[in-house]
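K.L.:
next come a sequence and a model predicted from it.
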Amino acid sequence: MSRLISISFPPANATLFGTNLSGAGLISIVPLNYPLIFPNFARNITLSSTGNLSLLTFTIVGTDQYGNVIDEGIVGPNADSVTSVNQYHTIARIYANGNYDALTIGSATTGTSQWIKVNTFNIDPNITIATEVTGAVNYSFFQTIDQLEQVTNISSNIGQGSTLSYVVDSTPVTYPVTATLTAATTKQLYTMTTPTMAIQVVVNSSTAGTLTVNILQQGII
């Protein structure tokens, strides 16, 4: 038996979340249907405007693909588009430090998946990766053999009950899966035959393109 994991990276969309938005006040929360969610890939977002919003700072608050709370401030656009530094899995709110109008918010051209764990108990660790590409997409696959989750007893009174801390390692040591899946731009089919702990996909760039990733591991129900 085997289990198919399928994830997708939709094309960038400059108007995905809202167009011609406006707000007034010393602190102006951008009126969107929060939380904003990217289901498969954490992504950068774009702020665009036909006007000059460069005297404002827009603050984005959300989580990364591992559930960590992240935030950043971005100088507003001036008849152009600006892109967030962080990649977001969810966005809890966006607000400005003053009045604004003609603001458009969307998704950018890059993204990173969560670590996709595989079964390390298989005798034959065959994992087939198949990708489908439309438009222009540049992407890379990485693997790690690090333990991603750690549970630690943080009780100050050992033996009188446990207080556990569950930590996900978001920065394991990584290695390219293979040269053909590094900065790839076309559909690929590749089978891994050596053990690994988890696989991650990074979209390095895209232009009106989509990426579909299918991972099939032998011996998984």
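P.N.:
Alright, I've got the coordinates. Predicted model only: the values in this text are computed from it and were never measured. Numbers count the residues shown, from 1 in each chain.
K.L.:
contacts only, for the most centrally placed residue in the chain.
P.N.:
Central residue of the chain (C-alpha atoms, centre = their mean): Ala42, 1.5 Å from the mean position. Ala42 makes contacts with Asp64, Gln65, Gln87, Tyr88, His89, Gly111, Thr112, Ser113, Gln114, as judged by C-beta atoms under 8 Å, 6 or more residues apart in numbering. Placement of C-beta: from N, CA and C, glycine included.
K.L.:
and the next helix or strand past the lowest-mean-pLDDT helix or strand in the chain?
P.N.:
Of all helical and strand segments in the chain, the minimum by mean pLDDT, DSSP states H and E falls on strand 164-168, at a mean of 67. Once the chain leaves strand 164-168, the next helix or strand it forms, by DSSP states H and E, is strand 175-176.
K.L.:
neighbouring strands for that following strand, and are they parallel or not?
P.N.:
Applying DSSP bridges, strand 175-176 is found paired with strand 127-144 (antiparallel).
K.L.:
check which residues of the strand it pairs with are buried.
P.N.:
Across strand 127-144, burial judged by 16 or more other C-beta atoms under 10 Å covers Ile127, Ile129, Ala130, Thr131, Val133, Val137, Asn138, Tyr139, Phe141, Phe142, Gln143, Thr144.
K.L.:
where's the first one relative to Thr63, distance?
P.N.:
Taken as C-beta to C-beta, to the nearest Å, the spacing of Ile127 relative to Thr63 amounts to 28 Å.
K.L.:
please parse this structure into its domains.
P.N.:
The record's domain parsing of the chain by automatic domain parsing lists 12-110, 116-218.
K.L.:
pick the most buried one from those.
P.N.:
domain 12-110 (a mean of 17; mean count of other C-beta atoms under 10 Å).
K.L.:
span of that domain from start to end?
P.N.:
8 Å (C-alpha to C-alpha, to the nearest Å).
K.L.:
that domain: how far from the chain's middle?
P.N.:
The chain centre lies 15 Å from the centre of domain 12-110; the measure is C-alpha atoms, centre = their mean, to the nearest Å.
K.L.:
try stretch 205-220
P.N.:
With C-alpha atoms, centre = their mean, you get 14 Å for stretch 205-220.
K.L.:
neighbouring contacts of it?
P.N.:
By C-beta under 8 Å, 6+ apart, the surrounding residues in contact with stretch 205-220 are 1-12, 109-110, 113, 116, 118-119, 122-139, 199, 201, 203.
K.L.:
go again using 6 Å as the cut-off
P.N.:
With contacts defined as C-beta atoms under 6 Å, 6 or more residues apart in numbering, stretch 205-220 is touched by 2-11, 109, 118-119, 122, 126-139, 201.
K.L.:
got the CA positions of that stretch in PDB?
P.N.:
This file holds the C-alpha atoms of stretch 205-220, laid out as PDB (Å, rounded to 0.1, in the frame of the first residue of the first chain):
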ATOM      1  CA  SER A 205      10.300  32.400  -8.200                       C
ATOM      2  CA  SER A 206       7.300  32.300 -10.400                       C
ATOM      3  CA  THR A 207       5.600  34.300 -13.200                       C
ATOM      4  CA  ALA A 208       1.900  33.500 -13.500                       C
ATOM      5  CA  GLY A 209       2.800  29.900 -12.900                       C
ATOM      6  CA  THR A 210       1.500  27.000 -10.800                       C
ATOM      7  CA  LEU A 211       3.300  24.000  -9.200                       C
ATOM      8  CA  THR A 212       1.700  20.800  -8.100                       C
ATOM      9  CA  VAL A 213       3.700  18.400  -6.000                       C
ATOM     10  CA  ASN A 214       2.800  14.700  -5.600                       C
ATOM     11  CA  ILE A 215       4.700  12.500  -3.200                       C
ATOM     12  CA  LEU A 216       4.100   8.800  -3.100                       C
ATOM     13  CA  GLN A 217       5.800   6.600  -0.500                       C
ATOM     14  CA  GLN A 218       5.900   2.800  -0.600                       C
ATOM     15  CA  GLY A 219       4.400   1.000   2.400                       C
ATOM     16  CA  ILE A 220       2.100   3.700   3.700                       C
END
